[in-house]
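# Got a sequence here, can you build the structure:
(2 chains)
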Amino acid sequence: MSFEEQYSAYRRQKRLYAALFCGVFALCLAASWITAKFDPVTLLGGLPRTTEFLVKLVPPIGMATFAADVREWYWDGAKWMGSLLNTLLMAYLATVIGTALGGFLSFFAARNLAQHYAVYWITRRVLEVARTVPDIVWALLFIIAFGIGPLAGILAITVHTVGAQGKLFAEVNENISPLPIDGVRASGGSWLQVMRFAVLPQVLPNYMSYIFWRMELNVRSATIVGFVGAGGIGHDLFTSVQLLYFGDAGAILLIVVATVMAIDIVSERFRHRAIGKSSFA
Amino acid sequence: MSRVLWVGNTALTLYCLYHFGFLSGDFLHGVGKFASVVVAQLFPPAGWGHLPEFLKAMGETIAMAFLGTLLGATFALPLSFLASKNMTRSRPLQFGTRRFADLLRAFDYLIWALIFVRAVGLGPLAGIMAIAIVETGTFIKLYSEAIENLDRKQIDGISAAGGNGLQRVRFGVLPQVLPMMLSNTLYMFEHNVRSASILGIVGAGGIGFLLADRLRAYALQEACTIILLVILAVYAIDYLSKVLRERLIGDHRRREPVDDAKQA
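Numbers count the residues shown, from 1 in each chain, chains lettered A, B, ... in the order given. Modelled structure (predicted):
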């Protein structure tokens, strides 16, 4: 076959794939459009109303009366700051417990460390269910048993954290070098000693990085579990929107966004530091 | 130093346990109730008569995720060029676009959904918009990182052959970044099916409404059916998207794109 023929055959195949892709894509688009009753007219009509709503979130603040206006906007500031502190503590506790449990399970969910395939398989499936079910659904389930309040929210975020950390840590565990493990085993170390002296030193930097990242995500989660009554600042936000106190909602949203962004920045610093160490280890 | 950290963290953890009532009898009572009431009543899943209704809601959920992801990707594509250091000369413009993206991502889907339900009313449209807004922020970040990593030589080649700006983007930039962008977009679609399944809790469409409704009415067996349905759908889409992404990127051993981006 000449070069020309090969080239045109290649082009034909490429075009066929592109056409196929476009066809399937168009089909998916049409199906979604109809199923979700997507209506661009309503969407465009909604945009001015969205802007209107966003404007209502911030009360008029004058230059001359700036301090007084802000003080009035944050009339319930002490309560919201208390809720914010609770939210952060909820995220912290869920991260601590979830990481401890998830870290423990990750040793059974790593193919190179688990001693039986059955244990590995079951642990993997348990972790999958824990993180596939959204935390807000866990919150609704825990509320039935523990009642309205932060306890249900913490447990919900913890379960999700166990699932996520278990999987991520297990992947870290699977990527370690087997040499130190052989060394500890050869000198007669037990399974526990292998974990402590051969595995842990290798995985700790990556663990740290994932812990900080999870803390970021859990702060976000802790701000929304309150929507279903599971504690935190989300509860204040949800009630203020339901009661049409838009100024309050705006004030809380501003607190949330400032907190989330601040946590992201701080945690990114720590994560770089944790990973930086690993490259020298 | 590390001892101070250990003591500090232990103290804070203990305080939290106390503060949130983990150390009281109520907690143990709750654990018992969770085992006897919730876990015992979840199984076996029931309500198969409602299956057509559930399936329809699941379809709506997937459709919301699809349209939301698509809209987000469409908004983000031009903005991601503005947010890339190697494409935008004006530093304030580049930096500003990045921070704008951070702002969109800072609120959870559910918070945007709550806002849009007020603005456009109950229904899937509010959910689609919530996903689209968060994804615009995520995709600006992911796409611009892909663009910043591209190889300059191919663009120089197009310029040298007399190509204009549009041709530089079409033949120099897109072939390099498109596989990465498509792979990231698919991954986020996968992620959004999960997010969309709960937006109904605030009335923004999808299966979340039915689920919250059943859970609040203590119809736990029916809730179990819905949860299983969501897990099944998420698995199926994860699998499909993984196969597609491996075809796009080729190397199946690389880590999840979003993990990389969030680590960066």
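# And the longest helix along chain A, what does it pack against?
With DSSP state H applied, the helix covering the greatest number of residues in chain A is identified as helix A:246-280. The criterion is 3 or more Cβ pairs under 8 Å, 6 or more residues apart in numbering or on different chains; DSSP states H and E, and the helices and strands that helix A:246-280 contacts are helix A:40-56, helix A:66-73, helix A:77-106, helix A:200-224, helix A:233-242, helix B:91-106. Every C-beta, even on glycine, is put in place using the N, C-alpha and C of the backbone.
# In CSV: those helices, plus distance to B:Lys56, mean pLDDT and mean neighbour count.
Formatted as CSV, the entries for the helices and strands packed on helix A:246-280 read as follows, by distance: least, Cβ to Cβ, whole Å; pLDDT from 0 to 100; neighbours: other Cβ atoms under 10 Å in any protein chain shown:
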stretch, distance to B:Lys56, mean pLDDT, mean neighbour count
helix A:40-56, 20, 80, 13
helix A:66-73, 43, 76, 12
helix A:77-106, 34, 90, 21
helix A:200-224, 26, 86, 22
helix A:233-242, 27, 87, 22
helix B:91-106, 30, 87, 16
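# Tell me which of these sits nearest to B:Tyr235.
Judged by Cβ to Cβ, the one of the helices and strands packed on helix A:246-280 that comes nearest to B:Tyr235 is helix A:77-106, at 20.1 Å.
# Tell me the helices and strands packed up against the closest one.
helix A:117-132, helix A:150-174, helix A:200-224, helix A:233-242, helix A:246-280, helix B:2-19.
# could you give the angle of the first one to helix A:150-174?
Orientation check (axes from the mean of the first three to the mean of the last three Cα atoms, to 10 degrees): helix A:117-132 against helix A:150-174 gives 130 degrees.
# Helix A:117-132 - contacts with which helices or strands?
Counting contacts by 3+ Cβ pairs under 8 Å, 6+ apart, helix A:117-132 is packed against helix A:77-106, helix A:150-174, helix B:220-249.
# if we go to 6 Å?
Packed against helix A:117-132, as judged by 3 or more Cβ pairs under 6 Å, 6 or more residues apart in numbering or on different chains; DSSP states H and E, are the following elements: helix A:150-174.
# Just the buried positions in the helix it packs on, please.
With burial defined by 16 or more other Cβ atoms under 10 Å in any protein chain shown, the residues of helix A:150-174 counted as buried are A:150-173.
# Between helix A:233-242 and that helix, find me the angle.
Put simply, helix A:150-174 runs at 130 degrees to helix A:233-242, going by the same axes, to 10 degrees.
# correct me, but B:Ile45 touches B:Cys224?
I think there's a mix-up here, since residue B:45 is Pro and not Ile. Yes. Using Cβ atoms under 6 Å, B:Pro45 makes contact with B:Cys224 at a distance of 4.2 Å.
# if we can go back for a sec, mind telling me which of the helices and strands packed on helix A:77-106 the model trusts least?
The weakest mean pLDDT among the helices and strands packed on helix A:77-106 belongs to helix A:246-280, with a mean of 78.
# Buried by neighbour count: which residues of that helix qualify?
Counting neighbours by 16+ other Cβ under 10 Å, one finds that the buried residues in helix A:246-280 are A:246-253, A:255-257, A:259-260, A:263-264, A:267-268, A:271, A:274.
# right, and B:Ile245 touches B:Leu186 too?
In this structure residue B:245 is Arg, not Ile. Yes. Using Cβ under 6 Å, B:Arg245 and B:Leu186 qualify as a contacting pair, with a distance of 5.4 Å.
# between those two, who's got more neighbours?
Per other Cβ atoms under 10 Å in any protein chain shown, whichever of B:Arg245 and B:Leu186 has more neighbours is B:Arg245, with 22 against 19.
# quick one, what contacts that one?
Shown in contact with B:Arg245 (Cβ atoms under 6 Å, 6 or more residues apart in numbering or on different chains): B:Ser183, B:Leu186.
# Could you check how far it is from B:Ala83?
23 Å (Cβ to Cβ, to the nearest Å).
# A:Tyr17 too?
Per Cβ to Cβ, A:Tyr17 is found 31 Å from B:Ala83.
# any idea how chain A splits into domains?
In terms of domains, chain A is parsed into A:1-41, A:77-280 (source: automatic domain parsing).
# export those to CSV and tack on distance to B:Gly172?
Putting the domains of chain A into CSV (distance: least, Cβ to Cβ, whole Å) gives the following:
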stretch, distance to B:Gly172
domain A:1-41, 19
domain A:77-280, 31
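# Which among those domains is found nearest to B:Glu145?
Closest of the domains of chain A to B:Glu145 is domain A:77-280, at 14.1 Å (criterion: Cβ to Cβ).
# So for A:Tyr17 and B:Ala83, which sits in the more crowded spot?
B:Ala83 (25 against 11).
# near chain B, which residues of the stretch 101-250 of chain A show up?
Along the stretch 101-250 of chain A, the residues adjacent to chain B under the rule Cβ under 6 Å from any Cβ of the partner chain are A:132, A:134, A:136, A:140-141, A:144-146, A:150-151, A:154, A:220, A:224, A:241.
# for those residues, which one is nearest B:Ala106?
Taking Cβ to Cβ as the measure, B:Ala106 sits nearest to A:Arg220 out of these, at 8.3 Å.
# List the neighbours of stretch B:54-72 that are in contact with it.
Taking Cβ under 6 Å, 6+ apart as the criterion, the residues outside stretch B:54-72 that touch it are A:32, A:35-36, A:38, B:124, B:127-128, B:131-132, B:135-136, B:139, B:188-189, B:192-193, B:196-197, B:205-207, B:210, B:226, B:229, B:233.
# can you tell me which residues contact the residue most central in space within chain A?
Closest residue to the average C-alpha location of chain A: A:Leu217 at 3.8 Å, with Cα atoms, centre = their mean. Residues in contact with A:Leu217 (Cβ under 6 Å, 6+ apart): none are found.
# make it 10 Å
By Cβ atoms under 10 Å, 6 or more residues apart in numbering or on different chains, the contact set of A:Leu217 is A:Ala91, A:Thr95, A:Asp135, A:Ile157, A:His160, A:Thr161, A:Ala164, A:Ile263, A:Ser267, B:Asp108, B:Lys262.
# cool, A:Ala156 as well?
With Cβ under 10 Å, 6+ apart as the criterion, the residues that contact A:Ala156 are A:90, A:94, A:133-143, A:146, A:221-222, A:225, A:228, A:230-231.
# mind checking how far it is from chain B?
As defined by Cβ to the nearest Cβ, to the nearest Å, A:Ala156 lies at a distance of 12 Å from chain B.
# do you know how far that residue is from A:Ala130?
For A:Ala156, the distance to A:Ala130 under the criterion Cβ to Cβ works out to 11 Å.
# for A:Phe104, same thing?
Distance check for A:Phe104 against A:Ala130: by Cβ to Cβ, it reads 13 Å.
# tell me, what's touching those two both at once?
With Cβ under 10 Å, 6+ apart as the test, A:Phe104 and A:Ala130 both reach A:Val162, A:Gln165, A:Gly166.
# Excluding covalently adjacent residues, which one is nearest to the second one?
Spelled out, it's A:Gln165. Sequence neighbours aside, A:Gly102 is the residue nearest to A:Gln165 in space, at 3.1 Å (criterion: Cβ to Cβ, 6 or more residues apart in numbering or on different chains).
# got a list of what that neighbour touches?
A:95, A:109, A:127, A:130-131, A:158-170, A:210-211, A:214.
# Count the neighbours of B:Trp48 for me.
By the measure other Cβ under 10 Å, the count of residues near B:Trp48 is 10.
# Could you do B:Val4 as well?
By other Cβ under 10 Å, the burial measure for B:Val4, its neighbour count, is 8.
# what's the answer for A:Arg12, then?
As a measure of burial, A:Arg12 has 10 neighbours, counting by other Cβ under 10 Å.
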